[in-house]
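K.L.:
Curious how this folds, go ahead:
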Amino acid sequence: MAAPPQIAVLGAGIFVKTQYIPRLAEISHLVFLKYIWSRTEESARGAVEIAKQHFPGVECKWGDQGLNDIIQDGSVLGVAVVVAGQAQVDISLKLLKAGKHVIQEKPAAASTPEIETALASYNSICTNPCQPIWAVAENYRFEPAFVESKKLMADVGDMMNVQVIIEGSMNSSNPYFSSSWRRNFEGGFVLDMGVHFIAGLRMMVGCEVTSVSAITSHVDTTLPPPDIISSNFKLANGCSGVFVMVVSSSSPKIIWRVVGSKGTLQVERGKENGKHGYLVSLDSADGQRKSTFYSFSGVTEELKAFINDILQASMKKGSSYEAEPRSSFVEGARDVAVLEAMLESGSKGGALVHVKKF
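P.N.:
Down below sits the predicted model:
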């Protein structure tokens, strides 16, 4: 059996400490965490102290020299880039040019122009089959609830309408509320949070959003604008739907619902036996309902997929390897493109906007 691949994590913020380190610990038999890097020594050491409970040999790196050390280390196959959204693409491309496989946190980029430039750079890095993998960590595409709901779509018959209702909980008690990069990010919390919900929508319906017409508003002044989107959208199959997102509400609720000619499929965020996850319900035309609860495990599953990909790619060096398509940078780009179109439409008073294709 091949030795577990060695990886590095760039970033030492909330998500690294509360998700990446614990989730990597769950699969420590599959991967060796060699480095954690941050811009400052203090931040890097804080994350390393937590990680050492599970990866005793993990090393601390910081600043430009630390990043260069990771780039120069030939034993590091893959790198997770979990830094401020404004810096992710540049750092990812730097690593990819050095031959490292990258899994970058969502959103894929801040805008479609940045995505186009990034893809052009990526495609110029290496045109032969051994091009390094560039994955975007969109865990919703790996959540068992969405994997299952995609299969159940066959039971709803012809798609008639789609509803996505997001009533979020981004208030002062949320650990990300004070995140400076999200507040200064183009699209703010709407883009950073919203790509998840678009990913869930696209995963469920199995086709692309082609055009949107949205009204945006700014009600909660503690949040950057806009904090509310109400959008109509059209799918490539001709079906229409609505996407409503309230960044911060007093009674959070998150629902995806597809109405079909033979039944209705719904995915709703919830909690069962102390575990957070999604309730997937299928209501058929005969009045029967089938419901199953799926606990969250998307982050673990996406990391397992990336680790498997980089291991397989290293074993097949010099020949082509097809990485997990759900993680591809282009998939993440398509999520951003839908939200960008909604934001653009909102800024134009609800004008019809066609979604940029990738």
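K.L.:
How about residues contacting the helix or strand hosting M245?
P.N.:
Using DSSP states H and E, the element containing M245 is strand 240-246. With C-beta atoms under 8 Å, 6 or more residues apart in numbering as the contact definition, strand 240-246 has outside contacts at 161-168, 190, 193-194, 197-198, 201, 212, 214, 227-235, 342. For glycine as for every other residue, the C-beta is placed from the backbone atoms N, C-alpha and C.
K.L.:
how far away is L96 from I103?
P.N.:
Separation of L96 from I103 (C-beta to C-beta, to the nearest Å): 11 Å.
K.L.:
separation between the residue nearest the centre of the chain and K357?
P.N.:
Central residue check for the chain by C-alpha atoms, centre = their mean: the C-alpha nearest the mean position is that of E138, 2.2 Å away. Distance of E138 to K357, computed by C-beta to C-beta: 18 Å.
K.L.:
From the contacts of strand 240-246, list the buried ones, please.
P.N.:
162-168, 190, 193-194, 197-198, 201, 212, 214, 227-235, 342 (16 or more other C-beta atoms under 10 Å).
K.L.:
and those, which of them are in strands?
P.N.:
Per DSSP state E, strands hold the following members of the buried ones among the contacts of strand 240-246: 162-168, 212, 214, 228-235.
K.L.:
Just confirm P252 is within a strand.
P.N.:
Yes. Under DSSP: H, G, I helix; E, B strand; the rest coil, P252 falls within a strand.
K.L.:
For it, the count of nearby residues, please.
P.N.:
Per other C-beta atoms under 10 Å, the neighbour tally for P252 reads 14.
K.L.:
was I right about it contacting S173?
P.N.:
No. Using C-beta atoms under 8 Å as the test, P252 is too far from S173 to be in contact (11.5 Å).
K.L.:
Common neighbours of those two, please.
P.N.:
Residues touching both P252 and S173 by C-beta under 8 Å, 6+ apart: none at all.
K.L.:
can I assume H101 is in contact with I310?
P.N.:
Yes. H101 is within contact range of I310, at 4.4 Å (criterion: C-beta under 8 Å).
K.L.:
okay, and the common contacts of the two?
P.N.:
By C-beta under 8 Å, 6+ apart, the residues touching both H101 and I310 are L77, G78, I133.
K.L.:
By neighbour count, which of the residues you listed wins?
P.N.:
G78 (26 neighbours).
K.L.:
Name whatever forms a beta bridge with it.
P.N.:
Bridge pairing for G78 (DSSP bridges) gives the partners I7, H101.
K.L.:
where does the residue lying farthest from the centre of the chain land in three-state SS?
P.N.:
Distance from the centre of the chain peaks at D286, with 36.6 Å (C-alpha atoms, centre = their mean). Classification of D286 using three-state DSSP returns coil.
K.L.:
Okay, now the unreliable bits of the stretch 251-358 of the chain?
P.N.:
Scanning the stretch 251-358 of the chain for pLDDT under 70 picks out 318-319.
K.L.:
Helices of that one, residue ranges please.
P.N.:
Ranges of helices within the stretch 251-358 of the chain are 298-315, 329-347, based on DSSP state H, counting those that start in this stretch.
K.L.:
What are the buried residues along the shortest one?
P.N.:
Residues 298-307, 309-311, 313 are the ones in helix 298-315 that count as buried (16+ other C-beta under 10 Å).
K.L.:
repeat for stretch 81-98
P.N.:
81-85, 88-89, 91-96, 98.
K.L.:
just stretch 41-55 next, same as before
P.N.:
Those would be S43, A44, G46, A47, V48, I50, A51, F55, for stretch 41-55 by 16+ other C-beta under 10 Å.
K.L.:
got the CA coordinates for the host helix or strand of the fifth one in PDB?
P.N.:
With elements delineated by DSSP H and E, V48 resides in helix 41-51, which encompasses its position. Listed next in PDB are the C-alpha coordinates belonging to helix 41-51 (Å, rounded to 0.1, in the frame of the first residue of the first chain):
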ATOM      1  CA  GLU A  41       4.000  33.300  13.300                       C
ATOM      2  CA  GLU A  42       1.500  33.700  16.100                       C
ATOM      3  CA  SER A  43      -1.400  32.600  14.000                       C
ATOM      4  CA  ALA A  44       0.400  29.600  12.500                       C
ATOM      5  CA  ARG A  45       1.600  28.400  15.900                       C
ATOM      6  CA  GLY A  46      -2.000  28.600  17.300                       C
ATOM      7  CA  ALA A  47      -3.300  26.300  14.600                       C
ATOM      8  CA  VAL A  48      -0.300  24.000  14.900                       C
ATOM      9  CA  GLU A  49      -0.900  23.500  18.600                       C
ATOM     10  CA  ILE A  50      -4.400  22.200  17.800                       C
ATOM     11  CA  ALA A  51      -3.200  20.000  14.900                       C
END
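K.L.:
Ends of stretch 136-156, what's the gap?
P.N.:
Length of stretch 136-156, first residue to last, C-alpha to C-alpha, to the nearest Å: 30 Å.
K.L.:
what mean pLDDT does it have?
P.N.:
Here stretch 136-156 scores 96 as its mean pLDDT.
K.L.:
Distance from the chain centre to it, please.
P.N.:
Here the centre of stretch 136-156 is set off from its chain's centre by 14 Å, with C-alpha atoms, centre = their mean, to the nearest Å.
K.L.:
again, but for stretch 268-277
P.N.:
The answer for stretch 268-277 is 20 Å, by C-alpha atoms, centre = their mean.
K.L.:
got the contact list for it?
P.N.:
Against stretch 268-277 from outside (C-beta under 8 Å, 6+ apart): 143, 145, 252-256, 278-279, 281, 293-296.
K.L.:
Below-threshold pLDDT in the stretch 101-250 of the chain: ranges please.
P.N.:
Along the stretch 101-250 of the chain, segments meeting pLDDT under 70 span 126-129, 172, 174-183, 185.
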